[in-house]
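Q: Output the structure for:
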Amino acid sequence: MCHPSWGRALAEAQRLRDLARLRRVRDRIDREYAQPLNVEALARAVHMSAGHLSRQFRLAYGESPYSYLMTRRIERAMALLRRGDLSVTEVCFAVGCASLGTFSTRFTELVGMSPSAYRRSVSPAAGMPPCVAKQVTRPVRNQEARVAEPHLA
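A: Okay, the predicted model is just below:
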């Protein structure tokens, strides 16, 4: 019969292996955000099922792999829109989105304004060092962007 502490040690070893695989998935998303990525392919690459990857990723990072991917894409889109030399459609495809509608919806959820409105707005990053601008203009995850309430007269 096995000692109870062996079971705990095995479970902890498995948890650490899963965390290492989750980091590999997160790092791949960070590197390849503009490529066509889906949960099934990400899971296959680390020898997990898509469901298990999604559950474990959410537990470890607080959001699904898809949500994390879209956040990375929107962060990059914000930088490209601030640059001002690409149209919203060009930015959408440059960051790996296949649908302008999905891109615009997710951008608005994360940033609190449409990509076109963001592009027209005066960037708070003007004149800031890039490392500061990235922090200041980082999108808020999981639909937490503040949207102005309509004023009733």
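
Q: Which strands or helices does the biggest helix by length in the chain pack on?
A: For the chain, the longest helix by residue count, based on DSSP state H, is helix 4-32. Counting by 3 or more CB pairs under 8 Å, 6 or more residues apart in numbering; DSSP states H and E, the packing neighbours recorded for helix 4-32 are helix 39-45, helix 50-61, helix 65-83. The way it works is simple: take the backbone N, C-alpha and C, and place the C-beta from them, glycine included.

Q: May I see the buried residues of the first one?
A: Judged by neighbour count using 16 or more other CB atoms under 10 Å, the buried positions of helix 39-45 are V39, L42, A43.

Q: Now do it, average pLDDT.
A: Taken as a whole, helix 39-45 carries a mean pLDDT of 94.

Q: Show me the shaky parts of the chain.
A: Judged by pLDDT under 70, the chain has its weakly predicted residues at 1-3, 122-153.

Q: Make sure C92 is actually in contact with L100.
A: Yes: between C92 and L100 there is a contact at 5.1 Å, judged by CB atoms under 8 Å.

Q: Look at the two and report which has more neighbours.
A: C92 (23 against 14; other CB atoms under 10 Å).

Q: quick one: that one from S67, how far?
A: C92 sits 18 Å away from S67, going by CB to CB, to the nearest Å.
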